[in-house]
Structure formats: structure tokens, C-alpha cells
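> fold the stuff below for me.
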Amino acid sequence: MTTDMTTTRTARVALIGDRSPSVRSHTRVPGLIDVLREQHGLALDAYWIPTEEVAGTELAGFDGIWLLPGSPYRDEAGALAAVRAAREHRIAFLGTCGGFQHLLLEIARNLCGLTDATHAESGPGGERPLIVPLSCSLVGHEGAVHLARGSLAERIFGVERAVERYHCAYGLDHAYLPLLEAHGLRFTGHDDTGEVRVAELSGHPFMLGTLFQPELAGDGSRCHAVIRAFAEAAVATSAATVPLPAAGPETPPAALHRGC
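Next comes the predicted model:
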């Protein structure tokens, strides 16, 4: 397969998630990384990092952080720490499905001051559930997503309406929309009934979450626009920074799992 670019640009990316052959989006990632390199000249030097190993990994050394589906995560604190690292260090971030949910949860806790906000799947019975069961499960479903004009999401898609694949049963309690919006979150994708499907953080170079799973688009021979945009943002970060060693004292080699 020929590439549509004359040079290949590389970014160092952390794939955060508890890798499993039973999670279809996980099995798609290696092929999608190949597509990014072969078709678009975007090379991701990707490391799989389980959520329980995030605390021992220096994420600030990465150009991109991709919080993958597969919740409930084995270590919720690790997933949230990955979101926070991307937000505070202005690292390109993509959160899909469970990653989208934990993007909202991290911002609620650390920017909005809702320190007791919980995810109903991992913390049932919590007094302040931010992420709650959807009125209708989206496991195995497809649905329309309407994108806000002028948003990052619309620029990425190039259209105002798309049909996307889901594999989830939890979403945002809309009672918290105004508070999250007041702290910089923009909800720029909704379904036909107005339920939130895409979120992005104002003022950040690239911090995007989707409740749908772009990893599942098509047959895997082409890359979803959201994934390509994330790779481009990570490469842009890499080009603007001094290269760091692959592993060092703050990033134990045992914590890095290359597999793409």
C-alpha cells in the first residue's frame, strides 16, 4: 500500500487501558496504527499501559494519550490520572467510550470541585453519580451524531451529521451539563434526542472524548477521522518538543508495553 505523504512523522503515544482480546476496539488498534503510518504518514510509537501502572509512568513524556474503551477499568484512579496528565500538560488526548466517561469525571472532580462525583458502573450507590445508566443501552448499536457548527468535532468530521458505532450503557447525567460547561467543557455532539455524544475542552490544543467507539468504524482498513486527527495532534506536539528517551528513571521500562 502506498502512502499519500512523502515522509513519516512520529509521535510517542500512551494507550491507556486494560488490554484484552475480548474487547474488540483493543484488537482493532494495532491495525489502525498500521493504517495511520501506511496511508497518512503518521507513525505512532505506541505503548500499552494498564490502568494500574499509570501511577508509575511519567505520562508527561508522551505526545499523546489515548484512553481506550474497556471500563470498568481495573484502576479507576489510574484512568483519571491519565486524563489529568493530558489536561495539565496539554498533551493531545482522545477518550473513547469509557475514556469519554472518565474525561467528564476527571473534570468534574478536579475542575468543578465535585470530589465525590462517581461512575455508577464502578461505584454503584455513590451519593453523586455523574455517569449513570443510559435510558436505553447502546451496546452493539449505531446512531446518528449531530455536530455543533464551528466545533473541533465538526472540523474533524467535515460534516454536521454522522452515524457511529457504540458499545456502552452509561452516559452523563445531564443535570451536570451547566457546571461542566462553566468549567470549559463543550458538548459538541448529540444524538437525535439531544443526548451528549461528544465533548471537547476549550483552550486545550486537542482534548476530545466520544461516547461512540471510532475504533469500530468500517472494517478497519481505513482510519476514522477522529483517530487520524488525534494522531496528527500528537505528531504536532512531538514536532514542537525536544525528543525524550523511550524510557528513563521516571518511566520504568516494565511499565511500558509495546504491542502495535
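> the residue positioned nearest the centre of the chain: what secondary structure?
Centre of the chain computed as the mean C-alpha position; nearest residue by Cα atoms, centre = their mean is G95, 1.4 Å away. G95 carries the three-state label strand when classified by DSSP: H, G, I helix; E, B strand; the rest coil.
> make sure it is actually in contact with F206.
No - using Cβ atoms under 8 Å, G95 is not in contact with F206; the gap is 11.5 Å. Quick note: C-beta positions are derived from backbone N, CA and C, even for glycine.
> identify the bridge partners of the residue nearest to the centre of the chain.
Residues in a beta bridge with G95, per DSSP bridges, are L67, G209.
> can you map out the strands along this protein?
Applying DSSP state E to the chain gives strands spanning 9-16, 42-49, 64-67, 92-96, 117-119, 128-133, 142-147, 161-165, 170-172, 185-190, 196-201, 207-210, 257-258.
> tabulate those strands (JSON lines), appending mean pLDDT and distance to I107.
Formatted as JSON lines, the strands of the chain follow (pLDDT from 0 to 100; distance: least, Cβ to Cβ, whole Å):
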{"stretch": "strand 9-16", "mean pLDDT": "95", "distance to I107": "16"}
{"stretch": "strand 42-49", "mean pLDDT": "96", "distance to I107": "21"}
{"stretch": "strand 64-67", "mean pLDDT": "98", "distance to I107": "13"}
{"stretch": "strand 92-96", "mean pLDDT": "98", "distance to I107": "11"}
{"stretch": "strand 117-119", "mean pLDDT": "96", "distance to I107": "9"}
{"stretch": "strand 128-133", "mean pLDDT": "94", "distance to I107": "10"}
{"stretch": "strand 142-147", "mean pLDDT": "96", "distance to I107": "20"}
{"stretch": "strand 161-165", "mean pLDDT": "97", "distance to I107": "22"}
{"stretch": "strand 170-172", "mean pLDDT": "95", "distance to I107": "11"}
{"stretch": "strand 185-190", "mean pLDDT": "98", "distance to I107": "6"}
{"stretch": "strand 196-201", "mean pLDDT": "98", "distance to I107": "7"}
{"stretch": "strand 207-210", "mean pLDDT": "98", "distance to I107": "9"}
{"stretch": "strand 257-258", "mean pLDDT": "50", "distance to I107": "27"}
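> adding distance to F230, write those strands out as TSV.
Listed next are the strands of the chain as TSV, based on distance: least, Cβ to Cβ, whole Å:
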stretch	distance to F230
strand 9-16	9
strand 42-49	9
strand 64-67	6
strand 92-96	4
strand 117-119	23
strand 128-133	22
strand 142-147	16
strand 161-165	15
strand 170-172	21
strand 185-190	15
strand 196-201	12
strand 207-210	7
strand 257-258	19
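> I'd like to know which of these is closest to A85.
Checking those against A85 by Cβ to Cβ gives strand 64-67 as the closest, at 6.7 Å.
> give me the helices and strands touching that closest one, please.
In this structure, strand 64-67 makes packing contacts with strand 9-16, helix 76-88, strand 92-96, helix 98-110, helix 225-239, judged by 3 or more Cβ pairs under 8 Å, 6 or more residues apart in numbering; DSSP states H and E.
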